[in-house]
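In: Quick one: sequence plus predicted model below, questions after.
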Amino acid sequence: MATNINGALKNKSNDDAIQKKLEKMITVFSETTCLSIEALFGRNALVDKAWCSNKHIEIDSQYILMMGSASEKYQSILTLGVNNKCIVELTGQELEQSEFCDVFGELANTWFAVLMDRVDFTEQFGFLNQTVPILYTKGIPFLPFISGVNGSVAVNDEELLVGFAIKNK
Amino acid sequence: MSKTVVVVDDSKFLIKQIVDFFEKQLEFQVLGTGNDGNEAIELYTKFKPDLITLDITMPNKDGMDAMKEIIKDFPDANILMISAVRGSAMLECMSAGAKGYVEKPLKFADSEFVNDFKETVSEIFNQ
């Protein structure tokens, strides 16, 4: 796709507008993460490192799960990063690698469901429909030039990293 | 005689919880479980259960398409959608013939949620 300077400026303006919306609702994402963990695993999670809006998302973790979602106007991506200790802490057991995608895919699915129940989010972005999840191992996904938020929560000191990015279609 | 159910969800982790709920809380007999829409159609055709639960977002064939195909062949099928999808999905499913819709997350530790779920299942058989 080719564009001129006006097109590029319009895109940047859209991205900046989305970034501002996200900045105003950062706590929505940390709360969504804690509520999702409680709903799915029955565990209390605490907000760990400070959540912030970001123009890029970089997550360094043993396992990375990504799930997309989209509406007619927006597309987004959720990135969850966990390690083995966190998985044991959440599920109470060691999981086979083949089970990771199953369990953490459901966490991502739950995360979107809880987010879609937040009026403060849907008033701004509407309803997004989830895709099926993809699991990577030992990856460090780097999403540049995005409008996003990232942060982490801890369950009994074990960290779960979260990144969420959204853009106009 | 206990009622029968087939449970279809792409998460085996959730299938265990749903099966447990139907067996222990509702005393249903679980005839089979599947992970996508194709398996849902196959299992329904094979067992013709009293109820089938379907997730919406699944690989290969999603729950919405599976529901429409089941209803085409079995217009009286009792289909309960169990999904995390919000927005117009519930209305679309009910308009297309689903008898009930339960929203994930499935909070089986929450008595209010459990009672709502039971009531939804009960209403399906009392329609």
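Out: Cool, got the structure.

In: ok, longest strand in chain A?
Out: Counting residues, the longest strand found in chain A (DSSP state E) is strand A:158-168.

In: Residue of chain B nearest chain A, please.
Out: Chain B approaches chain A most closely through B:Gly87 (3.2 Å), counting by C-beta to the nearest C-beta. C-betas here are computed from N, CA, C, even on glycine.

In: Which of the helices or strands spans that residue?
Out: For B:Gly87, there is no enclosing helix or strand under DSSP states H and E.

In: wait, what's in contact with it?
Out: A:71, A:116, A:126-127, A:129 (C-beta atoms under 8 Å, 6 or more residues apart in numbering or on different chains).

In: Pick the one among these closest to A:Lys20.
Out: A:Gly126 (17.3 Å; C-beta to C-beta).

In: Check what pLDDT that closest one gets.
Out: pLDDT, A:Gly126: 94.

In: One more: the one 4 residues further on?
Out: A:Gln130 is assigned 86 on the pLDDT scale.

In: Then A:Ser147?
Out: 84.

In: Quick one: neighbours of A:Thr32, just the number.
Out: By other C-beta atoms under 10 Å in any protein chain shown, 23 other residues sit near A:Thr32.

In: Does chain B have contacts with the strand or helix carrying it?
Out: Using DSSP H and E, A:Thr32 falls within helix A:26-41. Yes - contact of helix A:26-41 with chain B (C-beta under 8 Å from any C-beta of the partner chain) involves A:36, A:39-40.

In: Tell me who's in contact with residue 99.
Out: Picking chain A for this. Shown in contact with A:Glu99 (C-beta under 8 Å, 6+ apart): B:12-13.

In: actually it's chain B I care about, not the one you picked
Out: Here B:Lys99 is in contact with B:78-80, B:124, B:127 (criterion: C-beta under 8 Å, 6+ apart).

In: How about residue 84, nearest residue that isn't a chain neighbour?
Out: Assuming you mean chain A. A:Gln62 (6.3 Å; C-beta to C-beta, 6 or more residues apart in numbering or on different chains).

In: please go with chain B instead
Out: Using C-beta to C-beta, 6+ apart, the closest residue to B:Ala84 is A:Ala113 (3.6 Å).

In: State the distance from the one you found to B:Asp55.
Out: Counting by C-beta to C-beta, to the nearest Å, the gap from A:Ala113 to B:Asp55 is 12 Å.
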